[in-house]
Each structure stands twice: as C-alpha cells, then as structure tokens.
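Participant: Dropping the sequence and predicted coords here.
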Amino acid sequence: VALHPEEVAERAPASGVSARAPVLEVFASIQGEGRFVGEPQTFLRLAGCPLRCRWCDTPGSWAVAAQPEARLDTPATRRREPGWATPFQAATWIAAVEPGLPRTVSVTGGEPLMWPEFVRALKSFVAPRRVHLETAGVHPRALTRVLERVDHVSLDLKLFADLDAPVELPGNEERVPTDARAWDAARVEVLRLVRGRDACGKLIVAGGRSAAEFEPLLDDVAAHAPALPLVLQPVTPMNGVPAPAISVLTELSELARERALEVRVLPQIHRSLGIP
Ligand code: SF4
C-alpha cells in the first residue's frame, strides 16, 4: 500500500534527510521512452544538466536557478511551489499529482545524478513505489552512490560528436568529460556499474550519423554489460537535428544483434501522443 501525503509526513522527522534538489515539474503521464515505454508513471523532473545534447528537448532544465519554481500538475489543478525540495517534500508532491493508484516514479531531468543524496533518499519516502532513474550516465561516482536505492536505471548512450561543449554547473560535484576519450572512459565505467542490474540502455540515433559510428559504443556494451537491453531511439527532429534514415536503424540493429545484444527500435511515443 502506498503512502498518502500525511503518512509521508509522519516519516519525515525520523529520517533526518535534508538533501535538497531543484524540482522543476511533477506530473503523471505515460513513459514515452525506453524499456518501460507505455507505462503510466509519475515524473519528477530535476533542474541542472552540464551536457548540451544537440537534440535536447528539455533545454529549460539545463540551468539551476537560485529560486526555482516547481510546477505540480495535480488532477484538480496546476500549481507552483518553491522548487528547492527535500525528498520528503518531493514525495508529498508525487502523491498529490497521481490521479489514482501509486505509480512508478521516474526521476528525470536535466541530469538527476547532479543530486545523488536527494535521489538516494527519495526511495524511502515513496516506497513501495519503484524508483526509475533516467540518466545520461556521465557521473559514475554519483551513480555508485544511488544504485542500491533505485529500482531501474535508464542509461542514455550517446555519441560525443552529438554534443556541444559541456558546461560547469554550481552544485555538480563531479567533472563531466570534456573530450571524446574521457567520454568513452565514463561510458565504460557506468556500463560496468549497471552490469547485471535492472537497467536498459537508450542509444540515441540522430540523422546524419552512420551505423558504423556506433560500433565502438556497441563493443563497449557487449564487453561490459552484455545483458543490458538496448533501445535504439531515433531522434525526434529537434533544433535542426533530423531523424535518422530507417536504413541506419536497420543496420545498427543488425550490428547489435551480431554482438548478441538484445535490441529493439522505439521512437519517443509521448511526442506522437502529444503529452508531456
Ligand atoms: S543529458 Fe538530457 S537534459 Fe542534458 S542536454 Fe542531454 S538530453 Fe538535454
């Protein structure tokens, strides 16, 4: 049985958990990507991302405002709250936006691993809900800290060539890779961390890329997390970045299968449904 906000409140004083994160949005919707595509989930979007993916569909989540505002879409109304929230506060918001029975909580961003202590602590306040982490996977130290406290990791796998230069952000304790070699090393580290865990890899494929460009990435998955289910996610055309040709997705899926990887092709369904 899931906790109601009042019950969550009862647990708060005992926990002593005060790590805060800047919450941007809390809403119930349908998971549009990855292994749990189509599942009704509750989304907790945190601000802050040091990466600059060229197809990013949430650039409003990049910056960390001094006084962020959290938008809560409850079944009855849309309201705003001061965004710096403890895990306890976020749990009450999650319960408030759910239209019915408790749902799996998808912690997304931005990059939630900028706030590992918050993510670590969230689970005890939202239990028995599952907690799914959506991450770009370039914070291996932070991932190590949260792994035991999340139920699923949805790991983006991207080409360094698809990113503009990352930025340093206040609050980010871990340096993000600034060159291709460091990017590849971080990828190997996070793949080793999720090996054998409840996780999936989302390989984002933009137009203009060849299947061959992804071969080193597939080699890393095969070497370090061979059982990781892979989703090939064609980019939804964005910011002048086109969708890939179907021939590239076909070739890429064959390259994955040749490496004995479990692979499927899935576009972002929330875009076609017109939902957040
Ligand atoms: S990691 Fe996610 S939030 Fe950050 S720039 Fe890339 S797509 Fe956008």
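Facilitator: Okay, I see it.

Participant: Quick test: name the residue nearest the centre of this protein.
Facilitator: residue 134 (1.6 Å; C-alpha atoms, centre = their mean).

Participant: ok, it touching residue 106?
Facilitator: Yes. The criterion here is C-beta atoms under 8 Å, and residue 134 meets it with residue 106 at 6.2 Å. Yep, even glycine has a C-beta here, placed from its N, CA and C like the rest.

Participant: and the closest residue to the ligand within the stretch 151-276 of the chain, what are its bridge partners?
Facilitator: Of all residues in the stretch 151-276 of the chain, residue 156 sits closest to the ligand, at 6.4 Å by C-beta to the nearest ligand atom. Residue 156 has the following beta-bridge partners by DSSP bridges: residue 202.

Participant: One more: residue 132?
Facilitator: Residues in beta-bridge contact with residue 132 (DSSP bridges): residue 106, residue 152.

Participant: now it: how far from the ligand?
Facilitator: 15 Å (C-beta to the nearest ligand atom, to the nearest Å).

Participant: Quick one: neighbours of that residue, just the number.
Facilitator: Counted by other C-beta atoms under 10 Å, the residues lying close to residue 132 total 25.

Participant: That one and residue 103 touch, don't they?
Facilitator: No. At 10.3 Å, residue 132 and residue 103 do not qualify as touching, with contact defined as C-beta under 8 Å.

Participant: Spit out the residues that contact the two alike.
Facilitator: residue 41 (C-beta atoms under 8 Å, 6 or more residues apart in numbering).

Participant: Residue 115: neighbour count?
Facilitator: By other C-beta under 10 Å, neighbour count at residue 115 equals 29.

Participant: got a list of what the residue in the stretch 101-250 of the chain positioned nearest to the ligand touches?
Facilitator: Using C-beta to the nearest ligand atom, residue 136 is the residue of the stretch 101-250 of the chain that sits closest to the ligand, at 3.8 Å. Going by C-beta under 8 Å, 6+ apart, residue 136 touches 49, 51, 53, 111, 156, 158.

Participant: how close does it get to residue 18?
Facilitator: 26 Å (C-beta to C-beta, to the nearest Å).

Participant: What values do phi and psi take at residue 53?
Facilitator: When quoted as degrees, to the nearest 10, the phi and psi of residue 53 stand at phi -70, psi 140.

Participant: what's the pLDDT at it?
Facilitator: Predicted confidence (pLDDT) for residue 53: 94.

Participant: For it, name its beta-bridge partners.
Facilitator: residue 163.

Participant: Nice, that's everything, thank you.
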